[in-house]
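1. output the structure for:
(chains A and B)
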Amino acid sequence: NAGVTQTPKFQVLKTGQSMTLQCAQDMNHNSMYWYRQDPGMGLRLIYYSASEGTTDKGEVPNGYNVSRLNKREFSLRLESAAPSQTSVYFCASSDPGFQASYEQYFGPGTRLTVT
Amino acid sequence: QKEVEQNSGPLSVPEGAIASLNCTYSDRGSQSFFWYRQYSGKSPELIMFIYSNGDKEDGRFTAQLNKASQYVSLLIRDSQPSDSATYLCAVNLAGGTSYGKLTFGQGTILTVHP
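-> This next block holds a predicted model:
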């Protein structure tokens, strides 16, 4: 049981390049989330997917797109990377069937630098 | 005003002391409250959740919730150097009840010195 996995762990991009961050979970969770974390800013929600086939914008969606490929996988795409997207990206999943299950399980993160 | 706000750090306490971490939230209808710990370079991990007014204890950790004051805190008793980390408060805001969306505070850095 690997939990939430993310690839790659590190990435350096040049301004204007594109890339996709991959996330997968093996806990049979319905909901998945993408966050970015910048110093002093906590975690900010980029996009989330309540269930397979649905996605919604979070607090900071500009410059990103997502795909919920199936129940296990949720990818985040940067179409034209900008230095402002330099950050640590976390994927998380949860199964909010009842209050206590709002706990979110996090992947190890992707450290992205855009030069 | 931010939706979820934590006391500014960093917080430094001596080993064996009580560390007190505070969090306020804006939405009176919020239902569930979480404390995550994040070690440097690692991902957040849940240490406590609470959804009823009052105290909830788990080992050296106590979460306190006061919905009337829109305030949640985390007390760490007998603090250890291994408790040194960033602590994130997260709230399931009333408007985000669906799908388990959480709103996070900015985090408080705790350092426990020997």
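2. neighbours around residue 20, how many?
-> Unless you meant another one, I'm taking chain A. 13 (other C-beta atoms under 10 Å in any protein chain shown). Every C-beta, even on glycine, is put in place using the N, C-alpha and C of the backbone.
3. wait, chain B
-> With neighbours defined by other C-beta under 10 Å, the count for B:Ser20 comes to 16.
4. need the residues of chain A near chain B, please.
-> Proximity of chain A to chain B (C-beta under 8 Å from any C-beta of the partner chain) is limited to residues A:31, A:33, A:35, A:40-45, A:48, A:50-51, A:58, A:90, A:94-96, A:99-104, A:106-109.
5. buried sites along stretch B:87-107?
-> Residues of stretch B:87-107 classed as buried: B:87-93, B:96-97, B:99-107 (neighbour count, 16 or more other C-beta atoms under 10 Å in any protein chain shown).
6. what pLDDT does the residue of chain B found nearest chain A get?
-> Taking C-beta to the nearest C-beta, chain A has its nearest neighbour within chain B at B:Gly100, 3.1 Å off. Turning to B:Gly100, the model gives it a pLDDT of 73.
7. wait, it sits on A:Leu45?
-> No - counting by C-beta atoms under 8 Å, B:Gly100 stays clear of A:Leu45, with 11.4 Å between them.
8. what stretches of chain B score poorly on pLDDT?
-> Filtered on pLDDT under 70, chain B yields the residue ranges B:1, B:94-99.
9. write out the residues of it neighbouring chain A.
-> Residues of chain B found near chain A (C-beta under 8 Å from any C-beta) are B:4, B:6, B:31-32, B:34, B:42-46, B:49, B:51, B:88, B:90, B:92, B:98-107.
10. give the buried subset of the residues of chain A next to chain B as a ChimeraX selection command.
-> Entered in ChimeraX, the line below selects the buried ones among the residues of chain A next to chain B, by 16+ other C-beta under 10 Å:
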select /A:31,33,35,42,43,44,45,48,50,58,90,94,95,96,101,102,103,104,106,107,108,109
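11. now, which of the residues of chain A next to chain B lie within strands?
-> Within the residues of chain A next to chain B, residues falling in strands by DSSP state E are A:Ser31, A:Tyr33, A:Tyr35, A:Leu43, A:Arg44, A:Leu45, A:Tyr48, A:Phe90, A:Ser94, A:Phe106.
12. who are the neighbours in contact with the third one?
-> By C-beta atoms under 8 Å, 6 or more residues apart in numbering or on different chains, the contact list for A:Tyr35 reads A:Leu43, A:Arg44, A:Leu45, A:Ile46, A:Tyr89, A:Phe90, A:Cys91, A:Ala92, B:Phe104.
13. would you mind putting those residues into TSV with distance to B:Asn22 alongside?
-> What follows is the contacts of A:Tyr35, written out as TSV (distance: C-beta to C-beta, whole Å):
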residue	distance to B:Asn22
A:Leu43	18
A:Arg44	21
A:Leu45	23
A:Ile46	27
A:Tyr89	28
A:Phe90	24
A:Cys91	29
A:Ala92	24
B:Phe104	15
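14. picking that back up, what about the buried residues of stretch B:87-107, which are in helices?
-> Among the buried residues of stretch B:87-107, no member is found in helices (DSSP state H).
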